[in-house]
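# need a 3D model of the sequence below.
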Amino acid sequence: MSFIEIRGLRKSFGNNTVLDGVDLDIEEGEVVAIIGPSGTGKSTLLRSINLLEKPEAGSVTIDGKNFQLTTKSAKEVLELRKQTEMVFQQFHLFKNRTALENVMEGLVVVKKLKKEEAKKIALEELDKVGLGDRLSHYPRHLSGGQQQRVALARALALKPKLLLMDEPTSALDPELVGEVLVTIKKAAKEGFTILLVTHEMDFVKSVANRIIFLENGRIVANGSPKEIFENPTNERLQLFLRNINMLQTADDYSI
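Just a heads-up that it's a prediction; the model follows:
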């Protein structure tokens, strides 16, 4: 049995089938990246795993505990969300709380820790992401990259069994992307199990153990970075990578 097992995940919006029976296994400590064209269900897959979206069918097993993703039980939903943490594109920080308070919030409310213990953990996590000198800063006084690092510290502080990351750098100016990618690399080295959606292909190559290519709501390619990027056998994946390379080449020659 794999550490994470996703089975038969289906999600539609009206007549549009976005996820069409997705099956995926993830091992403990593995970093799996999801790539694919826009609109193919990448973000919906992440949001369905922790029930921010409600699928029509499917289940997820996390460290031996099975959750039916069609559940209507508030208790089951809460228990599933305690096992996972999501890092969003737009940070989703509390605007009226400092960086320290943002990280402490989940530890106090979700983990039910005393404030002293929560503060100790929050200080450690913010220091790890290089924000030990920004503890009392509110989100409006932080750059986009710093806000995303606070969001990462908040997620990591809760020690989730599965960390979900939805395009964590897409809302950032190019010069701020690097500091967030370094933080994610550190989390990967610490052994967190991560499932992420990103368009940063160089980052995918350097941090992911495995890559899945999603097309029309189905996984059509699944392999190591070398297999995906150097020896793709799926025709649609080949076309996708050619288009990515063309865009990168155009950027290199742009003024």
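
# what lies in contact with stretch 195-209?
Contacts with stretch 195-209, where a contact means CB atoms under 8 Å, 6 or more residues apart in numbering, come from 4, 26, 30-35, 42-43, 45-46, 49, 162-170, 177, 181, 184-185, 188, 211, 224-225, 229, 244, 248. All C-beta atoms are positioned from the backbone trio N, CA, C, and that covers glycine.

# counting neighbours, which bits of that stretch end up buried?
By neighbour count with 16 or more other CB atoms under 10 Å, stretch 195-209 contains the buried residues 195-198, 200-201, 203-204, 207-208.

# tell me which two in the residues you listed are the farthest apart.
Leu195 and Met201 (17.0 Å; CB to CB).

# on that earlier part again, return the subset of the buried residues of stretch 195-209 lying in strands.
Of the positions in these, 195-197 sit in strands, assigned by DSSP state E.

# and Val18, which of the three is it?
Under the three-state scheme (DSSP: H, G, I helix; E, B strand; the rest coil), Val18 adopts strand.

# got the contact list for it?
Val18 touches 11-12, 41, 44, 217, counting by CB under 8 Å, 6+ apart.

# 10 Å instead, please
10-12, 39-45, 48, 53, 55, 216-217 (CB atoms under 10 Å, 6 or more residues apart in numbering).

# quick one, phi/psi of Arg218?
Phi and psi for Arg218, reported as degrees, to the nearest 10, are phi -130, psi 150.

# residue contacts, the closest residue to it other than its chain neighbours?
Distance criterion CB to CB, 6 or more residues apart in numbering; nearest residue to Arg218, sequence neighbours excluded, is Asp20 at 5.2 Å. By CB under 10 Å, 6+ apart, the residues touching Asp20 are 8-12, 41, 216-219.

# equivalent analysis for Val129, please.
By CB under 10 Å, 6+ apart, the contact list for Val129 reads 99, 103, 146, 148-154, 156, 179-180, 182-184, 186-187.

# picking that back up, and the gap between the residue nearest to Arg218 and Ser12?
The gap separating Asp20 from Ser12 is 9 Å, by CB to CB, to the nearest Å.

# and Lys161, by the same measure?
In terms of CB to CB, Lys161 sits 28 Å off from Ser12.

# in the protein, which segments are predicted with low confidence?
For the chain, the stretches with pLDDT under 70 are 247-255.

# at which residues are the helices of it located?
Assigned by DSSP state H, the chain shows helices spanning 42-49, 74-83, 99-109, 115-128, 144-157, 174-189, 201-207, 225-230, 235-253.

# quick one on the thing from earlier: most neighbours of all the contacts of Val18, which one?
Highest neighbour count within these: Leu45, with 28 neighbours (other CB atoms under 10 Å).

# you'd agree it is up against Gly21?
No: with contact defined as CB atoms under 10 Å, Leu45 does not reach Gly21; the gap is 11.9 Å.

# quick revisit: overlap in contacts, Asp20 and Ser12.
With CB under 10 Å, 6+ apart, Asp20 and Ser12 have common neighbours Gly217.

# touching, Val77 and Gln83? I think so.
No: with contact defined as CB under 10 Å, Val77 does not count as touching Gln83 (11.2 Å).

# common neighbours of those two, please.
50, 67.

# just to revisit the earlier point, what do Leu45 and Gly21 both touch?
By CB under 10 Å, 6+ apart, the residues touching both Leu45 and Gly21 are 9, 217, 219.

# how close does the nearest residue to Thr44 once chain neighbours are set aside get to Glu215?
Residue nearest to Thr44 in three dimensions, not counting chain neighbours: Val18, with 4.9 Å by CB to CB, 6+ apart. From Val18 across to Glu215, the span is 12 Å (CB to CB).
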